[in-house]
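Participant: the following block contains a protein sequence and its predicted model.
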Amino acid sequence: MKKCFSLGLFLVFLVGLASAQRRAGSSDSMVDLLISGGTVVTMDGERHLYENGFIAVRGERIVEVGDAADLKSKGYKAKQIIDARGKAVLPGLINTHTHIPMTLFRGIADDLDLQEWLTKYIFPAEAKNVDHDFVVAGTQLGLVEMIRGGITTYVDMYYFEDVIAEETKKAGMRGVLGETVIDFPVPDNKTWDAALAYTNSFVKRWKGDSLITPAIAPHAPYTVSTQHLNEARALAEKLDVPLITHIAEAPTETAFMEKTYQSSTVAYLEKIGFLSSRVIGAHVVHVNQGEIEILKQREVGVAHCPQSNMKLSSGTAPVPQMLKAGVRVGLGTDGAASNNDLNMWEELDTVAKLHKLITMTPTVISALEAFEMGTIGGARAIHLEKEIGSLEAGKRADLILVDFGGSHLTPVYNFYSHLVYATKASDITDTIVNGRVLMRNRKVLALDEETVKATARRYRDRVVQSLKSSQ
């Protein structure tokens, strides 16, 4: 009898506790951010699209994605609610290749081939201008541009990458950031050994960060010796971090590799044991079918940069063949000095149209396939598909809102078509990374945009003067 009485009291206690939780909002129903009413384009495995959907976010991760009609029964209580009616809610775009401080070199040298552009203009301009403060200013400018354009993750390779990581972290952006190592003196390190020491410290500082993935970035096979490529690979394996490099990006590189190593770039990298699932290769333009199979087997990520390749007349990467073979292909802008912007919406539009033109086949790279390359495909290319690239419960809360009220987006028949062929960067209203709102109603919250632009303008005269003195 005494046991029954105690059990009864315990049950009454449980019922009362449950009732109190419902009144106050239980831990399961409390979320930090609730977005509802918009068209949610998930890019999950089944490509679910909810025309009237919702996303619940707690902390850094998505709790649930579904139909807004089910919201009432879910009982979510949110600290912040965003009404997304009239908008599309998407995974944040992933820029798989750039050099972010080069926003300060935007437009200094155009309409040149890659080697002339690099050797006569970019390398000299970098030698005379790039320092800690330059990198801070250029990075901040690039971050503002990317946040405005709905990019939530970017892959970078440049100098003073520790500084880039600091600015990226402060702004709340996600980055796979590689310290560039190269076989000649550069602004941050004058010798190879100094560069590796810097890189080792950089990686150890940022390893395990929730936003920053540190990486090692040997510039290219035509600027880094075989011995040094192997040293960079060994360090990346030891520290378990990505390797970022340029691969087969231009005809001049092809000629150099044939003359120096009697090999194509991919065959050479395979021969020396460089290629693996930790490699993110930028451009990858000049490859044949056999080399595409090597990239697939080694699980190399490819950053396709169509506009930069077009502008530098570097050629057209065989992306349809790569996709057919199952290669991990994402999209990148390259740096703003060779594009000349960090606008992924232009890359989405270009990648679909360019390959239709080259192949003379209008069905090549559909709007859906192009949008995949900018989201979940980009995540696969940088080996982060388990964390980002789609809107799914458990993944990082990296998402953007697109205003579908513009005349150029009216009416809507196919969302993927509109996103690839009609959407502009200016249509982005909100950018959220890791659950933090970086832009709300087109106002950047993460940085002081006017101060950033004013600082960038001051570098103009300095850069112009440095180019005059080097010619």
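Facilitator: On my side now, so go ahead.
Participant: from here on, just use CA atoms for contacts and neighbour counts.
Facilitator: Fine.
Participant: and the nearest residue to Ser29 once chain neighbours are set aside, how far from Gly86?
Facilitator: Of all residues not flanking Ser29 in the chain, Tyr76 sits nearest, at 4.5 Å (Cα to Cα, 6 or more residues apart in numbering). Between Tyr76 and Gly86 the distance is 22 Å, computed by Cα to Cα, to the nearest Å.
Participant: how about Asp44?
Facilitator: 22 Å.
Participant: and what of Gln465?
Facilitator: Relative to Gly86, and taking Cα to Cα, Gln465 is found at 48 Å.
Participant: ok, now Leu196?
Facilitator: Taken as Cα to Cα, the span from Leu196 to Gly86 is 50 Å.
Participant: do Ala78 as well
Facilitator: For Ala78, the distance to Gly86 - Cα to Cα - is 21 Å.
Participant: with Arg442 instead?
Facilitator: 15 Å.
Participant: kindly report the same for Glu293.
Facilitator: For Glu293 relative to Gly86 (Cα to Cα), the value is 44 Å.
Participant: same thing with Asp28?
Facilitator: 29 Å.
Participant: those two - which one has more neighbours?
Facilitator: Using other Cα atoms under 10 Å as the criterion, Asp28 and Gly86 rank with Gly86 on top: 16 against 13.
Participant: who touches Ala78 in this structure?
Facilitator: Applying Cα atoms under 8 Å, 6 or more residues apart in numbering, we find Ala78 in contact with Met30, Val31, Asp32, Leu33, Leu34.
Participant: where does the first one land on pLDDT?
Facilitator: Model confidence at Met30, expressed as pLDDT, equals 96.
Participant: what is the neighbour count of His228?
Facilitator: With other Cα under 10 Å as criterion, His228 counts 19.
Participant: tell me which element it falls in.
Facilitator: Taking DSSP states H and E as the criterion, His228 maps to helix 226-239.
Participant: please apply the same query to Ile81.
Facilitator: Ile81 belongs to strand 77-83, assigned by DSSP H and E.
Participant: and that strand, C-alpha only, in CSV?
Facilitator: Provided in CSV are the C-alpha atoms of strand 77-83 (Å, rounded to 0.1, in the frame of the first residue of the first chain):
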residue,chain,number,x,y,z
LYS,A,77,8.8,29.1,-29.1
ALA,A,78,11.5,31.2,-30.6
LYS,A,79,13.7,34.1,-29.4
GLN,A,80,13.7,35.5,-32.9
ILE,A,81,11.1,35.0,-35.7
ILE,A,82,11.6,35.9,-39.3
ASP,A,83,8.6,36.1,-41.6
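Participant: partner strands of it, with direction?
Facilitator: strand 30-36 (parallel) (DSSP bridges).
Participant: and the helix holding His228, how far out from the chain middle?
Facilitator: In terms of Cα atoms, centre = their mean, to the nearest Å, the centre of helix 226-239 is set 24 Å apart from its chain centre.
Participant: same question, stretch 66-79
Facilitator: That offset, for stretch 66-79, works out to 30 Å (Cα atoms, centre = their mean).
Participant: touching the helix holding His228 from outside, list them.
Facilitator: Residues contacting helix 226-239 (Cα under 8 Å, 6+ apart): 196, 200, 203-204, 215-218, 221, 242-243, 272-274.
Participant: can you pull out the strands in the stretch 51-200 of the chain?
Facilitator: 53-58, 61-67, 77-83, 87-91, 93-98, 151-158, 174-181 (DSSP state E, counting those that start in this stretch).
Participant: how about the ones you listed in a markdown table, adding mean pLDDT and distance to Pro411?
Facilitator: Shown next, in a markdown table, are those (pLDDT from 0 to 100; distance: least, Cα to Cα, whole Å):
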| stretch | mean pLDDT | distance to Pro411 |
| --- | --- | --- |
| strand 53-58 | 98 | 19 |
| strand 61-67 | 98 | 22 |
| strand 77-83 | 97 | 21 |
| strand 87-91 | 98 | 13 |
| strand 93-98 | 98 | 24 |
| strand 151-158 | 98 | 25 |
| strand 174-181 | 98 | 34 |
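Participant: looking at the ones you listed, which is closest to Val351?
Facilitator: With Cα to Cα as the measure, strand 93-98 is the member of the strands of the stretch 51-200 of the chain nearest Val351 (13.5 Å).
Participant: give me the residue ranges of the protein where confidence is low.
Facilitator: 1-27, 469-471 (pLDDT under 70).
Participant: let's see it at 90
Facilitator: Confidence mapping of the chain against pLDDT under 90 gives the ranges 1-29, 72, 108-125, 461-462, 464-471.
Participant: ok so Leu323 is a helix residue?
Facilitator: Yes: counting by DSSP: H, G, I helix; E, B strand; the rest coil, Leu323 is part of a helix.
Participant: highest mean neighbour count out of the strands of the stretch 51-200 of the chain?
Facilitator: strand 93-98 (a mean of 30; mean count of other Cα atoms under 10 Å).
Participant: just the angle between that one and strand 174-181, please?
Facilitator: Angle, strand 93-98 to strand 174-181, by axes from the mean of the first three to the mean of the last three Cα atoms, to 10 degrees: 0 degrees.
Participant: dump the strands of the stretch 51-200 of the chain into TSV; add distance to Ser314 as well.
Facilitator: Compiled in TSV, the strands of the stretch 51-200 of the chain are given as follows (distance: least, Cα to Cα, whole Å):
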stretch	distance to Ser314
strand 53-58	42
strand 61-67	40
strand 77-83	44
strand 87-91	30
strand 93-98	16
strand 151-158	20
strand 174-181	22
